[in-house]
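>>> I would like the atomic coordinates for the input below:
(2 chains)
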Amino acid sequence: MRPDLTLTPEASLFVSATSLRRRLDWLNRLRWGVVVVLIAAVTVLGAATIIPLPVRPMLTAAGVLALMNLGYVVRNRLLPARSIRTEIRIVKLEMACDLILLTVVLNLTGGVENPFLYVYVLHVVIAALLFKGREIFSIAWLAIGLFTAEVVGEYLGWLPHNHLLGVSTMTHELSYILATLGSFWFVLLSGAFVSASIMRHNRAIKDELVARQGELVAADRAMIDFFRFVTHEIKSPVNTARSAIEAVMDLHADNLDPGARDLLDRAQRRLDQTTEIVKDLADLTRTGVLRHEPAVPVELTALAARVLDEQRELATATGQRLELRAPAGDVIVTTSGPAVAKILGNLVNNAIRYNREGGPVIVTVAPREAGARLEVTDEGIGIAPDEQSRVFDEFYRTAAAQRRSSLGTGLGLPIVHRLAHELGGTVSLASVPDQGTTVTVDLPDEPPAGPGGGGAA
Amino acid sequence: MSERTVLVIDDDIDLVEIIRVTLEREKLRVIDAQNGERGFALAREQQPDLILLDIMMGTVDEGFQVAYRLRSDPLTKDTPIIMLSAIGERTGFSFDKSKDADFLPVSEFIEKPISPRKLVDLVRRHLPTTN
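Numbers count the residues shown, from 1 in each chain, chains lettered A, B, ... in the order given. From the prediction side, this is the model:
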């Protein structure tokens, strides 16, 4: 199915609460890393008596972080996602807890003496990745408040000070404290501002893309609906006119003079041509073949034989020989049978119509690595080199084809191209004017994954 | 043997005329309705020997709905129904009588454009033999 592109204003960062949760997975992994680092710092640094860290409080902090993170992980994995707004609120709460714990650890490890105080900046950056402008600043202000309280608290002696580098007077040097706080405020606020601007810019681009994609999807749907309507509206009157002509020819067969019968024949043929165009247009606008005809294992030799049988009447009428070349064993790919039959039917029909009189039409079925190859070869009028790239364009008919027949819709090969593409295959063409054409369709052994099974047409 | 009556329910008045001309030559009486509602009422009122019913009228499946109503009404439940369909397999639907008989309460499908000979054949085959 096509993705649901509707976004609420609050949720324009994330398509859903589920996608937010996926993004939180790496935040959880980061926290596990922090737990390990904390424990390692206490044991290694403590044991080596390089820096005397307060072992028990530090391990307690690591334990608290581990427990909190376990809670987050369990919630993420086991509990169903709530509304996106609730999820964002919960994540904000988690980040606030992280900041409080960081402040506690910082207090245990020297406070203003500890150069790791800029870990706060990391939180602001993470907030910028997860939230929008106001929330980023609320995280920055919370960090500033907590760190300032910690440093001022220690300075005023309201909070205990744990020395990091032996006995130091840093915590009581007012000028140092003011300089540290000043640089801290500046880095956090400017960091929040810059990252918020960058993210705002990125999100504007993303929103724009999402909106444009939505418009494209809507336009695509409108076009398909329009074509369906048009093809139906053309089909019914044409059918009625054909029925009327047939009724006249049938019911008045005895008193129709040959001239009148000829005119009715001509009218009938033109109506048949219109019907063909309408059917081809319907095929061309039928996107998502695999949605209509789910992929199943298809044996291609039997399918090709069936297609040739369907076309045999047309071939015999012009003295042509239809030949199927296939290996002894089955050639099986997982695909849409009706779509492949349509591809092959169009190619064989073209080959017959543009073949030399009495010429052969050879259909080859062959397995190939991770798929199969279908080839249709004729000895007909061929396609001039400068026209070969255009025969897959809608309604294009080569000059030689137009000379051969005024009938023909110019949609046969475009349909082949589109269907093959939707099945994950490719179409190629080799042709020499007046000698013949070989069209090759390579199909994968399985259709492409993704919405609708195939690429959008 | 009294004249047999065929009811044609189709919103395409031209097609109705074609069917009328074709069937009247076969000495059948043709009555018609241009929508499902009127067709159902006419079927109850006149009790035709056979009904020709278009699938796609006001809505894509109006014909089917009429067919179900005809089948559940005691007055019309045994009248043969031949459905007229412009939906070929190329548009993604295909009706196979043997496959769909279980849930489609109709006797036969005929694809548009209608061949007069085929229409007469089908109507003859499905007209009840006793009268």
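>>> The stretch 351-457 of chain A: strands as residue ranges?
Assigned by DSSP state E, counting those that start in this stretch, the strands in the stretch 351-457 of chain A fall at A:360-368, A:371-377, A:426-432, A:436-444.
>>> looking only at pLDDT, what's the mean for the strand or helix carrying residue A:77?
Secondary structure from DSSP states H and E places residue A:77 in helix A:55-78. Averaged across helix A:55-78, pLDDT comes to 89.
>>> How about the contacts made by residue A:177?
By Cβ atoms under 8 Å, 6 or more residues apart in numbering or on different chains, the residues touching residue A:177 are A:112, A:151-152, A:155, A:171. In this view, the C-beta of every residue, glycine as well, is placed from N, C-alpha and C.
>>> Find the nearest non-adjacent residue to the residue sitting nearest the centre point of chain B, please.
Residue closest to the average C-alpha location in chain B (Cα atoms, centre = their mean): residue B:52, at 1.5 Å. The shortest distance from residue B:52 to any non-neighbouring residue, by Cβ to Cβ, 6 or more residues apart in numbering or on different chains, is to residue B:8 (4.6 Å).
>>> Scan the contacts of residue A:177 and report the most crowded one.
residue A:112 (25 neighbours; other Cβ atoms under 10 Å in any protein chain shown).
>>> From residue A:119, how far out is the nearest residue to that one once chain neighbours are set aside?
Nearest non-adjacent residue to residue A:112, counting by Cβ to Cβ, 6+ apart: residue A:151, 4.9 Å away. For residue A:151, the distance to residue A:119 equals 15 Å [Cβ to Cβ, to the nearest Å].
>>> before we move on, back to that, can you classify the residue nearest to the centre of chain B as helix, strand or coil?
Recorded secondary structure, residue B:52: strand (DSSP: H, G, I helix; E, B strand; the rest coil).
>>> and it, how far is that from residue A:40?
Relative to residue A:40, and taking Cβ to Cβ, residue B:52 is found at 86 Å.
>>> quick one: buried residues of stretch A:365-373?
For stretch A:365-373, burial by neighbour count (16 or more other Cβ atoms under 10 Å in any protein chain shown) applies to A:365, A:367, A:371-373.
>>> Around chain B, pick out the residues from the stretch 101-250 of chain A.
Contacts of the stretch 101-250 of chain A with chain B, taken as Cβ under 8 Å from any Cβ of the partner chain, map to A:232, A:235-236, A:238-240, A:242-244, A:246-247, A:250.
>>> and with 6 Å instead?
Neighbours of chain B within the stretch 101-250 of chain A, by Cβ under 6 Å from any Cβ of the partner chain: A:235, A:239-240, A:242-244, A:246-247, A:250.
>>> Return the subset of the residues you listed lying in helices.
Among these, the ones falling in helices (DSSP state H) are A:235, A:239-240, A:242-244, A:246-247, A:250.
>>> I'd like those as a markdown table, with neighbour count and pLDDT appended.
Compiled in a markdown table, these are given as follows (neighbours: other Cβ atoms under 10 Å in any protein chain shown; pLDDT from 0 to 100):
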| residue | neighbour count | pLDDT |
| --- | --- | --- |
| A:235 | 22 | 84 |
| A:239 | 21 | 89 |
| A:240 | 23 | 91 |
| A:242 | 21 | 91 |
| A:243 | 24 | 91 |
| A:244 | 21 | 93 |
| A:246 | 22 | 91 |
| A:247 | 22 | 91 |
| A:250 | 16 | 88 |
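>>> Secondary structure of residue B:5: a helix, I assume?
No - using three-state DSSP, the assignment for residue B:5 is strand, not a helix.
>>> Go ahead and confirm it touches residue B:47.
No - taking Cβ atoms under 6 Å as the definition, residue B:5 is not a contact partner of residue B:47, at 8.1 Å.
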